[in-house]
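A.B. asks: no sequence on this one, just coordinates:
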């Protein structure tokens, strides 16, 4: 997701098993690169008496562009109510006061920032059509604690996967699409997303092209698609791959944008294959790669590791 000036309420949780009993804040910062940024950001939390649990940063200079700085900071909030923190924050012990103080620091070097908290769990909606592979995988990972989120709703343009959602007791909505009423269906989907307070949408093999209007109104959206070298488009891509004798197949997870399959890439992976595999076996291998890649991308988003810079991602 983009780093925006001010507070955001998207994708807040921390990875399961890391500091499970500690109340944490995760800050993302992007700014023009310059000396002393790490010291100034860390110094803010030192002045408050707050412990930094984890931090990572990266300086990046693209061709012909001024260098940029990116940082992710995870802070233990246990001592936010301490006398030291109160003194710095003008007597307040609130998160809002901490955010206001942090904003003043970031503004001094023309940066942008966002923050999320470990006790505010993201709600993820999954959109599907007829392939249950990624749906099963995401729900099982969430139920086993691998994905720190809630899944309040599954939405589809068909009713084929209702039994999968029902098995996990997740509300399922089938909203068919008629050729001349696609916008009406998208408005129904948006109403469901708002009604369930969804923070992130995952397209788990949802075989529909989303309109620019929908993308503008929806929360961040992560999509998964097969990624071959060379790329095969249209129907039966794995059969096309077999006919061309490919030696590797793969998958790409990215944020959905108005440019079809051209959004900022979050995660990719490949698997080597041989001439011995038929089309059905290539499909099986491809599905394995797709669900792993999609799960990694969703987890990176939920753990607030992603900064979108123009058309690319910085993952810290």
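C.D. replies: Sure thing, it's come through. The shown structure was predicted, so the numbers you read here are calculated from the model rather than taken from an experiment.
A.B. asks: In contact with residue 31, which residues?
C.D. replies: If you count contacts by C-beta atoms under 8 Å, 6 or more residues apart in numbering, residue 31 has them with 37, 68, 69, 106, 109, 110, 111, 112. Just so you know, the C-beta spots here come from the backbone N, C-alpha and C atoms, and that holds for glycine as well.
A.B. asks: can you list the weak-confidence ranges in the stretch 101-250 of the chain?
C.D. replies: Counting by pLDDT under 70, the low-confidence segments of the stretch 101-250 of the chain come to 228-231, 233-234.
A.B. asks: need the strands for it, in chain order.
C.D. replies: Secondary structure of the stretch 101-250 of the chain, counting by DSSP state E, counting those that start in this stretch: strands at 112-117, 122-128, 149-156, 172-174, 200-203, 221-226, 248-255.
A.B. asks: Just send those strands back as TSV, with distance to residue 308 and mean neighbour count too.
C.D. replies: Output for these, formatted as TSV (distance: least, C-beta to C-beta, whole Å; neighbours: other C-beta atoms under 10 Å):
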stretch	distance to residue 308	mean neighbour count
strand 112-117	11	21
strand 122-128	17	24
strand 149-156	19	21
strand 172-174	29	16
strand 200-203	14	24
strand 221-226	12	22
strand 248-255	7	22
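A.B. asks: burial of the residue nearest to residue 147 when sequence neighbours are not counted, as a residue count?
C.D. replies: Among residues not flanking residue 147 along the chain, residue 141 sits closest, at 4.8 Å (C-beta to C-beta, 6 or more residues apart in numbering). The number of residues packed around residue 141, counting by other C-beta atoms under 10 Å, is 18.
A.B. asks: so residue 141 makes contact with residue 149?
C.D. replies: No: taking contact to mean C-beta atoms under 8 Å, the distance of 9.7 Å between residue 141 and residue 149 leaves them out of contact.
A.B. asks: what sits in contact with each of these two?
C.D. replies: Taking C-beta under 8 Å, 6+ apart as the contact criterion, residue 141 and residue 149 have no common neighbours.
A.B. asks: picking up where we left off before, could you pick out the buried ones from the contacts of residue 31?
C.D. replies: When these are checked for burial by 16 or more other C-beta atoms under 10 Å, the buried set is 37, 68, 69, 106, 109, 111, 112.
A.B. asks: out of the residues you listed, what pair is the most spread apart?
C.D. replies: 68 and 106 (14.0 Å; C-beta to C-beta).
A.B. asks: buried ones in the helix ranked longest in the chain?
C.D. replies: Under DSSP state H, the helix in the chain containing the largest number of residues is helix 279-302. When neighbours are counted by 16+ other C-beta under 10 Å, the buried residues of helix 279-302 are found to be 282-283, 285-302.
A.B. asks: Name the surrounding residues that touch the helix or strand hosting residue 313.
C.D. replies: Take DSSP states H and E as the rule and residue 313 turns out to sit in strand 312-315. For strand 312-315, contacts defined as C-beta under 8 Å, 6+ apart pick out 30, 58, 60, 70, 255, 264-266, 300, 305-308.
A.B. asks: starting at the chain centroid, how far to that strand?
C.D. replies: On the basis of C-alpha atoms, centre = their mean, to the nearest Å, strand 312-315 is displaced by 11 Å from the centre of the chain it belongs to.
A.B. asks: what pairs with that strand, and is each one parallel or antiparallel?
C.D. replies: Based on DSSP bridges, the strands next to strand 312-315 in the sheet, each with its direction, are strand 306-309 (antiparallel).
A.B. asks: Tally up the residues packed near residue 120, please.
C.D. replies: As a burial measure, the neighbour count of residue 120 was computed by other C-beta under 10 Å and equals 12.
A.B. asks: quick one, phi psi at it?
C.D. replies: When quoted as degrees, to the nearest 10, the phi and psi of residue 120 stand at phi -110, psi 100.
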